[in-house]
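Trainee: Sequence first, then the predicted structure, then my questions.
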Amino acid sequence: MNATQEQLKVKLEQALVAAFGDEYAGVDPILVSASNPKFGDYQANVALSLSKKLGQQSRAIASAIVEKLDVSEICEKPEIAGPGFINLKLKTAYLEAQLNAIQADTRLGVPTAKHPQREIVDFSSPNIAKEMHVGHLRSTIIGDSIARILEFRGHDVLRLNHVGDWGTQFGMLITYLREVSPEALTTANALDIGDLVSFYRQAKQRFDTDEAFQETARQEVVRLQAGAADTLHAWKLLCEQSRQEFQVIYDLLDVKLTERGESFYNPLLPTVVENLEKSGLLVENQGAKCVFLDGFTNREGEPLPLIVQKSDGGYNYATTDLAALRYRIQKDEAKRIVYVTDAGQANHFAQFIQVARKAGWIPDDVELVHVPFGLVLGEDGKKFKTRSGDTVRLRDLLDEAVSRAHADLEERLKAEEREETPEFIDKVAEVVGISAVKYADLSQNRTSNYMFSYDKMLDLKGNTAPYMLYAYARIQGISRKGGIDFADLGDNAKVILQHEMEFALAKYLLQLGEVISTVEADLLPNRLCEYLYELSKKFNTFYDRNQGVQVLSAEEPLRTSRLVLCNLTARTLKLGLSLLGIQVLERM
């Protein structure tokens, strides 16, 4: 809800009390944006909901509310339509004043949160000794955008990368490398990441088929947990090598993260088990220590256990996640913890969070949110893979997007007979390629699968990053063409609304705060994408060569007013795209 809607809501609530008494204090006036501009800007539907309770016709209720309603500073005279809808149309002078106010505001009128708090966003989370692949794309991009939006709203955000850097896989890998490449365990970067991944696969194959190797690998894990110097040194080298590779991707995507892997919580795992034991939740089942879950059953209908300590004394992911949750609440003092992972992990989160609640570890003022997302599909509608059937490496995917953007740009420049420097072409191609991948992901409702198509995401038309970037660059082109500095339009630069296209653009510009506030609550970045796409369309209609308004050739004071609207649109696009992790271009 934006500031205007908040003001109108308060005034409607006051009118309800004035019309029907104190017992109606707090009744929701059901204020929504009007579905059709001819009915105004907002519509209050409360009269219909009160008809039965008051024993009156809803139209008569609406009349009684309107009689007590004072919105003269904001709206034209309210009108009652149909069975009792109260239609409200914003005054032109009010709209102009709102736009003139946000012109001088770096935040474009978007307030910070009333109650800023410590929030944790847990995202990306690749595994050491494995390359980041397309499966990490959505977590990384969605998590980064959510973190940016929460930060912009004024929250203290801790961006955590819960990497897989502990456990059996290191026993396997270190054991195998002792045989085939011992120098990799003593010398930094002795192998490249591709070799490391290949050795990991071979180690896994040996582990699954060779009992002697399996036992040696388990002993290596024990040595790691005990802090044996040579094993610990090897583990650190492997982690650092993977970390360097991950950073290449994060730099390309402009993503900032604080790494805190599974190993960080390893010393805390015995306390988790001990605490659950004291609370009476632990049950021994076939030698393992478990907590039985409500609402989760096996095929026979028996309650499923969540294992927190295996029969051999080892721990699993759930134990680590419980330790991490306790640490984040007790030490990090987080009030909201957001986990960005694929939808397939929904049961895992529901299970360990249920255990934490039963144990009394989650205070009433702490919110835990699992942000699930669907799969990335190929154009054949199946899980996105390479032609050989392998998982697509994230680095390859990003490089391909940039390469295609490069080819598209060179083709366009050739068609336009335009000369640009290689540096310009490389920069534009990188921004467009990376932005196209990000936006294609973020513009989908994250809960559904989406089809990955380079052709669609790089299209200059439609709901794509290039379309958005082009709208921004087009506005900057106006300033270049007119020799205008948008930052210095003069002290008397004011918005004056006359044309219907000005009104449409102006009203939409004022909805940014409402959209950002909505995404802060529901963590669906596609809502911001939809807003920016609609804004771009409204601007392109406003500036259309045939049907739009004149800007540079308009008479004053309309010329300056329209330049202000152009600049506000560009600033809104730039801010909105930055919250999606997308950089703008002054020229394309």
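Mentor: Here it is on my side, so go on.

Trainee: Can you show me the strands along this structure?
Mentor: Under the criterion DSSP state E, the chain carries strands at the ranges 31-33, 42-44, 79-81, 85-88, 118-122, 156-161, 258-259, 283-285, 288-297, 303-309, 336-342, 367-373, 376-377, 450-451.

Trainee: To Glu277, which of the ones you listed lies closest?
Mentor: Minimum separation from Glu277 across these (CB to CB) falls at strand 288-297, 7.6 Å. Backbone N, C-alpha and C define where each C-beta goes, glycine included.

Trainee: mind saving the C-alpha coords of the closest one as PDB?
Mentor: C-alpha atoms of strand 288-297 as PDB (Å, rounded to 0.1, in the frame of the first residue of the first chain):
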ATOM      1  CA  ALA A 288      20.100 -43.700  15.700                       C
ATOM      2  CA  LYS A 289      18.800 -40.700  17.700                       C
ATOM      3  CA  CYS A 290      15.700 -39.300  16.100                       C
ATOM      4  CA  VAL A 291      12.800 -36.900  16.600                       C
ATOM      5  CA  PHE A 292       9.400 -38.200  15.300                       C
ATOM      6  CA  LEU A 293       7.500 -35.800  13.200                       C
ATOM      7  CA  ASP A 294       3.800 -34.800  13.100                       C
ATOM      8  CA  GLY A 295       2.200 -34.900   9.600                       C
ATOM      9  CA  PHE A 296       5.000 -37.000   8.000                       C
ATOM     10  CA  THR A 297       4.500 -40.700   7.600                       C
END
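
Trainee: Report the mean per-residue pLDDT for that strand.
Mentor: For strand 288-297, the mean per-residue pLDDT is 91.

Trainee: I figured Met588 hits Ala471, correct?
Mentor: No - Met588 is beyond contact range of Ala471, at 10.3 Å (criterion: CB atoms under 8 Å).

Trainee: Can you add distance to Ser435 and mean neighbour count and give the strands of the chain back as CSV?
Mentor: As requested, these are arranged in CSV below (distance: least, CB to CB, whole Å; neighbours: other CB atoms under 10 Å):
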stretch, distance to Ser435, mean neighbour count
strand 31-33, 29, 15
strand 42-44, 34, 23
strand 79-81, 43, 15
strand 85-88, 38, 24
strand 118-122, 21, 24
strand 156-161, 20, 21
strand 258-259, 25, 13
strand 283-285, 51, 12
strand 288-297, 41, 16
strand 303-309, 41, 19
strand 336-342, 20, 22
strand 367-373, 19, 18
strand 376-377, 17, 20
strand 450-451, 16, 16
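
Trainee: Columns distance to Glu215 on top of the ones you listed, output as TSV?
Mentor: Formatted as TSV, these follow (distance: least, CB to CB, whole Å):
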stretch	distance to Glu215
strand 31-33	66
strand 42-44	71
strand 79-81	79
strand 85-88	75
strand 118-122	34
strand 156-161	33
strand 258-259	32
strand 283-285	25
strand 288-297	20
strand 303-309	21
strand 336-342	33
strand 367-373	37
strand 376-377	38
strand 450-451	44
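
Trainee: Distance check, the nearest residue to Glu277 once chain neighbours are set aside against Gln14.
Mentor: Nearest residue to Glu277 in three dimensions, chain neighbours excluded: Lys289, at 7.6 Å (CB to CB, 6 or more residues apart in numbering). Applying CB to CB, to the nearest Å, the value for Lys289 to Gln14 is 59 Å.
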